[in-house]
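> generate a structure from the sequence data that follows.
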Amino acid sequence: MSNNTSSIVSKVWSFCNPLRDVGVGYGDYLEQLTYLLFLKMAEEYSKPPYNRQLNIPKPYNWESLTSKKGAELELHYATLLRELSTQKGILGQIFTKSQNKIQDPAMLAKVIDMIGSENWLVMGADVKGDIYEGLLEKNAEDVKSGAGQYFTPRALIRAMVECVQPQPMKTIADPACGTGGFFLAAYDYLVSNNKLDKEQNKFIKLQTFYGNEIVAGTRRLALMNLFLHNIGDIDSDNFISPADALIAASPITYDYVLANPPFGKKSSQTFTNDEGEQEKDDLTYNRQDFWATTSNKQLNFVQHIRTMLKTTGMAAVVVPDNVLFEGGAGEMVRKKLLETTDLHTILRLPTGIFYAQGVKANVIFFDNKEASKTPWTKEIWVYDYRTNIHHTLKKNPLKLEDLKDFIKCYNTANRHKRSETFNSETNPEGRWRKFTYEEIIARDKTSLDITWLKDKSLADLDNLPDPDVLAAEIIENLEAGLESFREIMLKLNSKGHVI
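Okay, here's the model as predicted:
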């Protein structure tokens with residue numbers, strides 16, 4: 001990082017603490033930064049050498065902010081946010097449901113001055129992106145904000161992208177894109193591993209990425225995050241839809257789907273009952289193209305993602321453990337996935353790597369195929385990076401280096417030529433093992449929740465992890481249990497039982 005970049009990062013960060021002292025959290029600061037950055041960069045685009053005509057009404061452009069102070073500034077800023085939210089295209093999406101969270105006019109003026117003192121367009125996309133990604137991660141760490149559920153560890157995303165190896169002139173989708181982490185990693189991979197010509201660069205910028213994000217604030221952060229990384233344009237169409245991806249089949253199919261759908265088993269919608277009270281009801285998506293009808297959100301996403309793919313499409317998806325072992329609809333979905341796609345790889349993830357507590361997850365890799373009378377999946381390779389692995393968010397966060405052995409075993413050069421590291425006699429602790437389709441089908445409920453390594457902490461007290469790691473794991477398990485109890489309670493409550 002250059003000295004100039006470092007000073008800009010420090011300047012942007014310098015406002016976090018004083019704003020927190022007056023009740024403005026990372027998320028709120030990030031939102032205000034998004035609005036102001038967008039307006040400042042639009043103003044830069046309107047001047048030489050760009051001279052672009054943009055659809056920002058003159059009374060509500062960047063210059064309208066810089067000419068006001070005090071109560072007048074606060075009032076004008078609130079009006080500006082309201083007016084710009086009614087505009088079309090990416091402008092309206094950025095400002096959807098926008099509100100002024102910096103109530104102190106003097107502090108608001110300082111933030112405006114800070115942004116106004118820099119020429120953002122001359123900075124590299126990596127500089128602007130580093131600043132914004134840093135704020136996103138800080139926001140994810142802020143437990144109170146709940147933003148962690150939209151933030152997938154970047155090391156995991158990069159490992160998934162390195163295995164899938166997206167190619168230029170192909171489309172990439174994420175039906176629950178959060179702040180756009182998969183798109184950014186795929187973009188970095190495409191730019192770093194290819195000598196791109198003009199047509200390919202244009203395709204990456206404007207036609208490669210497609211996503212859905214139903215939470216307005218998160219969608220806003222995603223749009224800005226991509227824009228700062230040079231994906232999309234200030235007056236281009238919005239390629240992140242606010243619609244619930246599960247409602248209907250995707251109108252087009254894609255070459256790649258990279259995703260970490262939201263955690264929690266149930267999809268729910270809020271409605272008002274006869275007494276005017278708000279209640280929640282489980283959402284069941286009745287889609288003809290789904291194999292099973294269920295209110296299990298992850299199973300619905302797995303089914304939806306399969307329908308999103310071209311017949312030559314590839315997917316890498318983070319799923320919780322219940323997708324691998326749950327009966328009923330879960331068993332039906334797994335069997336159909338094995339039959340209609342080549343589900344070739346499963347990465348078992350350790351606990352302690354997600355900001356959302358109580359998550360035990362995996363990555364499933366599958367390639368879509370055309371219709372066939374025989375199952376496409378012949379064998380599944382499982383990499384167990386969970387047993388005897390201990391991570392915590394602060395002291396031992398997941399790094400890309402931790403997943404290098406998995407990437408090596410995945411063998412991107414030719415995944416059909418893989419070698420097991422597990423051997424019952426010579427290497428019983430090997431983490432990479434193959435299971436045939438016949439072995440999987442013979443398992444109870446066609447379970448893909450497979451483990452073979454011995455948990456050393458159960459057998460040898462001398463191998464117990466550090467107390468803080470143990471404590472973190474206990475919290476993870478308690479959180480997972482509490483989540484299950486909450487679902488039971490909500491279900492009982494919705495059926496009129498007294499709790």
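
> can you pull the domain assignment for this structure?
Domains of the chain are assigned by automatic domain parsing as 3-127, 137-478.

> how deep is the closest residue to Ala78 other than its chain neighbours tucked in, by neighbour count?
Closest residue to Ala78 apart from its sequence neighbours, by Cβ to Cβ, 6 or more residues apart in numbering: Asn100 at 5.0 Å. For glycine as for every other residue, the C-beta is placed from the backbone atoms N, C-alpha and C. Residues within reach of Asn100, counting by other Cβ atoms under 10 Å, total 20.

> select the longest strand from this structure.
When the chain is scanned for its longest strand (criterion: DSSP state E), the result is strand 309-320.

> how far does it sit from its chain's centre?
Computed by Cα atoms, centre = their mean, to the nearest Å, the chain-centroid distance of strand 309-320 equals 15 Å.

> partner strands of that strand, parallel or antiparallel?
Counting by DSSP bridges, the strands paired with strand 309-320 are strand 254-259 (parallel), strand 361-368 (antiparallel).

> let me see the mean pLDDT of the first one.
Spelled out, it's strand 254-259. In this model, strand 254-259 carries a mean pLDDT of 98.

> returning to what we had before: pick the most deeply packed of the domains of the chain.
With neighbours defined as mean count of other Cβ atoms under 10 Å, the domains of the chain peak in mean count at domain 137-478, which reaches a mean of 18.

> so what does the residue nearest to Ala78 look like in phi/psi?
Here is the backbone geometry of Asn100 (degrees, to the nearest 10): phi -80, psi 120.

> please apply the same query to the one 4 residues further on.
Asp104 adopts backbone torsions of phi -80, psi 110, taken as degrees, to the nearest 10.

> also Ala243?
Ala243 has phi and psi values of phi -80, psi 150 when expressed as degrees, to the nearest 10.

> just checking, what packs against the next helix or strand after the longest strand of the chain?
Toward the C-terminus, strand 309-320 is succeeded by helix 322-325 as the next helix or strand (DSSP states H and E). Helix 322-325 makes packing contacts with helix 297-308, helix 329-340, strand 361-368 when contacts are defined by 3 or more Cβ pairs under 8 Å, 6 or more residues apart in numbering; DSSP states H and E.

> who touches helix 322-325?
265, 296, 298-299, 302, 330, 333-334, 346, 362, 364, 445, 447-449 (Cβ atoms under 8 Å, 6 or more residues apart in numbering).

> the residue nearest to Ala78 reaches His76, doesn't it?
No. With contact defined as Cβ atoms under 8 Å, Asn100 does not reach His76; the gap is 10.1 Å.

> which residues do these two both contact?
With contacts defined as Cβ under 8 Å, 6+ apart, no residue is adjacent to both Asn100 and His76.

> tell me the angle the longest strand of the chain makes with helix 297-308.
Angle between the axes of strand 309-320 and helix 297-308 is 160 degrees (criterion: axes from the mean of the first three to the mean of the last three Cα atoms, to 10 degrees).

> any idea which helix or strand carries Leu37?
Leu37 is located in helix 26-45, with elements delineated by DSSP H and E.

> contacting residues around the closest residue to Trp120 other than its chain neighbours?
With Cβ to Cβ, 6+ apart as the criterion, Trp120 has its nearest non-adjacent residue at 5.1 Å, and that residue is Met41. With contact taken as Cβ under 8 Å, 6+ apart, Met41 is in contact with Trp120, Leu121, Ile234.

> secondary structure added to those residues, as JSON lines?
Converted to JSON lines, these look like this (DSSP: H, G, I helix; E, B strand; the rest coil):
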{"residue": "Trp120", "secondary structure": "helix"}
{"residue": "Leu121", "secondary structure": "helix"}
{"residue": "Ile234", "secondary structure": "coil"}
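
> quick one: Met107 and Arg20 touch, right?
No. With contacts defined as Cβ under 8 Å, Met107 does not count as touching Arg20, sitting 11.4 Å away.

> I'd guessed Lys335 sits against Thr446; true?
Yes. Contact between Lys335 and Thr446 holds when scored by Cβ under 8 Å: they sit 5.4 Å apart.

> from Arg334, how far off is Ser250?
Here the criterion is Cβ to Cβ, to the nearest Å. By it, Ser250 lies 22 Å from Arg334.

> go on, Pro262?
Taking Cβ to Cβ as the criterion, Pro262 is separated from Arg334 by 20 Å.

> start from the N-terminal end of this structure and give the strands.
172-174, 209-212, 240-241, 254-259, 268-272, 278-282, 309-320, 341-348, 361-368, 379-384, 432-436.

> tell me how far the fourth one lies from the chain's centre.
So the one you mean is strand 254-259. 13 Å.

> go on, stretch 294-306?
Between the mean C-alpha position of stretch 294-306 and that of its chain there is a distance of 16 Å (Cα atoms, centre = their mean).

> identify all contacting residues around it.
Stretch 294-306 has contacts (Cβ under 8 Å, 6+ apart) with 175-176, 245-246, 249-250, 257, 259, 261-262, 264-267, 282-285, 287, 289-292, 315, 317, 319-320, 322-323, 326, 328-330, 333, 337, 340-341, 364, 366, 368.

> return that stretch as PDB; C-alpha atoms alone will do.
Only the C-alpha atoms of stretch 294-306 are listed here, as PDB (Å, rounded to 0.1, in the frame of the first residue of the first chain):
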ATOM      1  CA  THR A 294     -40.400 -27.300   1.300                       C
ATOM      2  CA  SER A 295     -40.000 -24.300   3.500                       C
ATOM      3  CA  ASN A 296     -36.300 -25.200   4.100                       C
ATOM      4  CA  LYS A 297     -34.600 -22.100   2.600                       C
ATOM      5  CA  GLN A 298     -31.300 -23.800   1.800                       C
ATOM      6  CA  LEU A 299     -32.900 -26.800   0.000                       C
ATOM      7  CA  ASN A 300     -34.900 -24.300  -2.100                       C
ATOM      8  CA  PHE A 301     -31.700 -22.400  -3.000                       C
ATOM      9  CA  VAL A 302     -30.000 -25.600  -4.000                       C
ATOM     10  CA  GLN A 303     -32.900 -26.500  -6.300                       C
ATOM     11  CA  HIS A 304     -33.100 -22.900  -7.600                       C
ATOM     12  CA  ILE A 305     -29.300 -22.700  -8.300                       C
ATOM     13  CA  ARG A 306     -29.500 -26.000 -10.300                       C
END
